[in-house]
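S.K.: Turn this into a structure:
(2 chains)
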Number of protein chains: 2
Amino acid sequence: MGLPGYAQAMSDATDQRDRAAVVLSALRRTRQVRQFTDEPVAADDLRAILNVARWTGSSTNWQPWHFHVIRDPGQRARLAELAPNARHVAGAALAIAIEMPGEKEQWETYDEGRVSERILVAARALGLGAGIGWVTSKYRDGVAQLLGLEAPAYVRTIISIGHVAPEALQPKSARGEARKPLAELVRDQ
Amino acid sequence: MGLPGYAQAMSDATDQRDRAAVVLSALRRTRQVRQFTDEPVAADDLRAILNVARWTGSSTNWQPWHFHVIRDPGQRARLAELAPNARHVAGAALAIAIEMPGEKEQWETYDEGRVSERILVAARALGLGAGIGWVTSKYRDGVAQLLGLEAPAYVRTIISIGHVAPEALQPKSARGEARKPLAELVRDQ
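M.R.: Numbers count the residues shown, from 1 in each chain, chains lettered A, B, ... in the order given. A predicted model of the protein is given here:
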């Protein structure tokens, strides 16, 4: 509206590039965060994250997930005990445990990776931190019992979410060196 | 710079919210696209997508992937024949085939889902479309041979990328009904 023809088209193109730059930067900069402050997560932010999760694509759009939001510190402390790889949930503002149906191993694992990645990126976009903790197979019965799941449903991914603690921002490797270079990863035919 | 103290903090907060809204919207709106125009993908856009893929997190940061960029129409036509679920690669501007090492099934499948989701979101952010085609197990040998992979490495995910054809924009379901509602998906404790 307002700008006619060519000027409008140029303005739209600039907007599109600006938006793209914001999204690409958010994607590139999303890192696992496992240390959090005591500040709670705003209800609107949690809802935004869950809505991003909800819109994740899945094989044949089957949407195999349920999202358990765990705020209670006692419940999170128990989870941390039951699943050593997810012990960071004890210090988070909340956790999202992703329940999967336990029906189609390969498909579920892939789709669970997709939705987990979205949750990490959404949290980062909101200025929060998020970190994945896996419940490895030998701990799954305990977690399933705590969360009241019905077999064969299980939880493998628990994502801690909260405001990022300063110590989580310490770089773990030299700038730009945390990932292999494109030249090593890409085979361009 | 320029705005002191409180005014700067308010301005920063507004910027942060604006950027968050852009990222969350891009995430929510990313859909599979499998119909493309003939327009090629700009080299800068492809590079941006590959960089997003490169920065994806993975179990213990092992970065198990290689990305095969396939532009040649003949090669894409052969891929489409070899992998019926990825037949849309024939009509795309290019395809990215994700090579995985074939060493740790569960971890690879999950991390492959994570990186695939990032590629879809990055393409969408750039105004492009992208769609996942799976090479199911019985077709993997043929694809591995075509791409010159060494066993046990394999390709399961092939992502078609290109400019979105108008027919890909037809909604497949009524507005807002393509996904289950949050009330059904979330268990809030």
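
S.K.: count of neighbours near A:Glu184?
M.R.: Using other C-beta atoms under 10 Å in any protein chain shown, A:Glu184 has 11 other residues around it. Just so you know, the C-beta spots here come from the backbone N, C-alpha and C atoms, and that holds for glycine as well.

S.K.: Can you tell me the element it falls in?
M.R.: Element membership for A:Glu184 (DSSP states H and E) is helix A:182-185.

S.K.: what pLDDT, on average, does that helix get?
M.R.: Averaged across helix A:182-185, pLDDT comes to 94.

S.K.: Quick check: which helices or strands does that helix pack against?
M.R.: Under the contact definition 3 or more C-beta pairs under 8 Å, 6 or more residues apart in numbering or on different chains; DSSP states H and E, helix A:182-185 sits against helix B:43-54.

S.K.: Show which residues not belonging to the helix it packs on make contact with it.
M.R.: Contact with helix B:43-54 is made by A:20, A:24, A:27-28, A:179-182, A:185-186, B:63, B:65, B:67, B:69, B:94, B:96, B:115, B:118-119, B:121-123, B:126, B:128, B:161, as judged by C-beta atoms under 8 Å, 6 or more residues apart in numbering or on different chains.

S.K.: Show me what counts as buried in the helix or strand following it.
M.R.: Following helix B:43-54 in sequence order, the next helix or strand is strand B:66-70 (DSSP H and E). For strand B:66-70, the neighbour count (16 or more other C-beta atoms under 10 Å in any protein chain shown) marks B:His66, B:Phe67, B:His68, B:Val69, B:Ile70 as buried.

S.K.: and chain A, which of these reach it?
M.R.: Filtering those for neighbours of chain A using C-beta under 8 Å from any C-beta of the partner chain leaves B:His66, B:Phe67, B:His68, B:Val69, B:Ile70.

S.K.: so the first one touches A:Leu182, yeah?
M.R.: No. Using C-beta atoms under 8 Å, B:His66 and A:Leu182 do not qualify as a contacting pair, with a distance of 10.8 Å.

S.K.: Return every residue with contacts to both of the two.
M.R.: Residues touching both B:His66 and A:Leu182 by C-beta under 8 Å, 6+ apart: none at all.

S.K.: number of nearby residues for the residue nearest to A:Ser116 when sequence neighbours are not counted?
M.R.: Leaving aside its sequence neighbours, A:Ser116 sits nearest to A:Thr157 (C-beta to C-beta, 6 or more residues apart in numbering or on different chains; 5.2 Å). As a burial measure, A:Thr157 scores 22 neighbours (other C-beta under 10 Å).

S.K.: Tell me the residue of chain A that sits nearest chain B?
M.R.: A:Gly113 (2.7 Å; C-beta to the nearest C-beta).

S.K.: which SS state does that residue fall under?
M.R.: At A:Gly113 the chain is in helix, as set by DSSP: H, G, I helix; E, B strand; the rest coil.

S.K.: Also A:Arg187?
M.R.: Put simply, A:Arg187 is strand when judged by three-state DSSP.

S.K.: For the strand ranked longest in chain A, list the C-alpha coordinates in PDB.
M.R.: Longest strand of chain A, by residue count under DSSP state E: strand A:154-162. Output of strand A:154-162 as PDB, limited to C-alpha atoms (Å, rounded to 0.1, in the frame of the first residue of the first chain):
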ATOM      1  CA  TYR A 154       7.900 -43.300  26.200                       C
ATOM      2  CA  VAL A 155      10.000 -40.100  26.800                       C
ATOM      3  CA  ARG A 156      13.400 -39.900  25.300                       C
ATOM      4  CA  THR A 157      13.800 -36.100  25.000                       C
ATOM      5  CA  ILE A 158      13.500 -33.800  27.900                       C
ATOM      6  CA  ILE A 159      14.200 -30.100  27.100                       C
ATOM      7  CA  SER A 160      15.200 -27.700  29.800                       C
ATOM      8  CA  ILE A 161      14.100 -24.200  29.300                       C
ATOM      9  CA  GLY A 162      14.900 -21.000  31.200                       C
END
